[in-house]
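[1] Structural data only, the sequence is not supplied:
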Ligand SMILES: Cc1ncc(COP(=O)(O)O)c(C=O)c1O
């Protein structure tokens, strides 16, 4: 090519949640019976969407209007419904913008942001945010640490000092409830983050896609309840809670747009970018008010929360017994993260792999890994030896070695089987080679 075609942020685009499945599929072809624990899709994992929800969707699909373009920001009926649902806030339907899934919203948030304006995000972090932020800046994502030895809570003093000494930080990202850790931010920490944003003239981004899936002792507090006059983008969607990830339907709630002209202009540019695409998926917006306001919906969510809470407790009990592994009981979302003690992984470790094509696939993939990817190596051997596909924690923008599994398996016996596999495979792997 006459010119370089590759954007300088291109190397920052990583999504290990799906990348790891490429090796998994090759192993499947080589005869391994796979258990997919990599992706946060309740439907793919076998959860049945209730009949009544499917009937509401079917009725809307029978109506021609569902096949039309939606307005740029989304159907007014859906935006009105969402605006009214936010308790005691001044949210207006005009402050709500629909997207083709939150992935689309996340992409617009970072693409429209001036290149030098950085968003400080959690580590570990859901990679769509960390990758998109890094790609927009053409540089590594800036992070604050979530501490696995303190319930995955962030160190607010660390956030404050990073903000204070880096004038390029324009915003702080909060993922609450968090993916991959399952941590739910206590109100006091949210208030401190709001105070930091206020003091240093920042805006906040709160990804609350798991808002309805919090089940710990700490109540989930929406950012909108504590945000005061700080400009903020709150992200919600249908993928996880209905669950309906295939709908590609998420939205941004804009708080305090009028408080800052610069923020207001930035938000307008997000809407303009959406306008170039015309709009977002119409059918899910059409049925959103009917589904979310139905009394059966509240009961449905409650039953799912209970199941995840039980799974979280059981998995924490069982995996917590493994010497060398650290587990924090999740309080929200549907993931569980296991971390390994620093230094406990090395290149000599492995698990017995057979038949020969399986060993070849795993070793061929493992040999390409760099020094910060020892947890990937563990995941590759685990997959080859047991068929269990989990996501290495290094895929979540962190140096902490570990992995993420889901709490989604609807079949209790299969879930227990997964825990049994991990309870045997982790110690076997850690013991397998002397340093
Ligand atoms: C924290 C978080 N935000 C956003 C998304 C993407 O959601 P959507 O399906 O609406 O694109 C996910 C998906 O796993 C997620 O975990």
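    The structure has been received and is ready for your questions. From a predicted model like this one, the values you see are computed outputs, not experimental measurements.
[2] Surely residue 219 is within a helix?
    No - using DSSP: H, G, I helix; E, B strand; the rest coil, the assignment for residue 219 is coil, not a helix.
[3] burial of it, as a residue count?
    10 (other Cβ atoms under 10 Å). Yep, even glycine has a C-beta here, placed from its N, CA and C like the rest.
[4] can you check the one 10 residues further on too?
    Applying the criterion other Cβ under 10 Å, we find 12 residues in the vicinity of residue 229.
[5] Verify the stated contact: residue 168 with residue 117.
    Yes - with contact defined as Cβ atoms under 8 Å, residue 168 counts as touching residue 117 (6.8 Å).
[6] Let me see the ranges of the helices in the chain.
    Taking DSSP state H as the criterion, the chain carries its helices at 16-29, 51-61, 76-85, 101-111, 127-137, 156-165, 187-200, 223-226, 261-276, 282-293, 295-319, 356-366, 374-386, 412-431.
[7] coming back round to it: neighbour-wise, which of residue 168 and residue 117 wins?
    Higher neighbour count among residue 168 and residue 117: residue 117, with 17 against 13, using other Cβ under 10 Å.
[8] check contacts around the more buried one.
    By Cβ atoms under 8 Å, 6 or more residues apart in numbering, residue 117 lies in contact with 168, 170, 171.
[9] how about 10 Å then?
    Contact analysis of residue 117 by Cβ atoms under 10 Å, 6 or more residues apart in numbering lists 110, 136, 137, 168, 169, 170, 171, 202, 203, 262, 266.
[10] Take these and lay them out in TSV including pLDDT and distance to the ligand.
    Below are the contacts of residue 117 laid out as TSV (pLDDT from 0 to 100; distance: Cβ to the nearest ligand atom, whole Å):
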residue	pLDDT	distance to the ligand
110	97	13
136	94	17
137	92	19
168	98	24
169	98	20
170	98	20
171	98	16
202	98	20
203	98	18
262	97	25
266	98	20
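[11] Buried among the residues you listed? Make that a PyMOL selection.
    Restricted to buried positions by 16 or more other Cβ atoms under 10 Å, the PyMOL selection for the contacts of residue 117 reads:
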select buried, resi 110+136+137+169+170+171+202+203+266
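[12] For the nearest residue to residue 340 once chain neighbours are set aside, grab the count of nearby residues.
    What sits nearest to residue 340 in space, not counting adjacent residues and going by Cβ to Cβ, 6 or more residues apart in numbering, is residue 401, at 4.7 Å. The tally of other residues near residue 401 (other Cβ under 10 Å) stands at 23.
[13] in terms of contact, does residue 401 touch residue 371 like I think?
    No - assessed by Cβ atoms under 10 Å, residue 401 is found out of contact with residue 371, at 11.1 Å.
[14] Enumerate the beta-bridge partners assigned to the residue lying closest to residue 159 once chain neighbours are set aside.
    Closest residue to residue 159 apart from its sequence neighbours, by Cβ to Cβ, 6+ apart: residue 144 at 4.6 Å. Beta bridges link residue 144 to residue 122, judged by DSSP bridges.
[15] How about the residues of the stretch 1-150 of the chain by the ligand?
    Applying Cβ under 6 Å from any ligand atom, we find that the stretch 1-150 of the chain lies next to the ligand at 40, 101, 102, 103, 126, 128.
[16] Report the buried members of those residues.
    Applying 16+ other Cβ under 10 Å to these, the neighbour count classes 40, 101, 102, 103, 126, 128 as buried.
[17] Give me the distance between the closest residue to the fourth one other than its chain neighbours and residue 134.
    In other words, residue 103. Distance criterion Cβ to Cβ, 6+ apart; nearest residue to residue 103, sequence neighbours excluded, is residue 128 at 5.7 Å. Separation of residue 128 from residue 134 (Cβ to Cβ, to the nearest Å): 11 Å.
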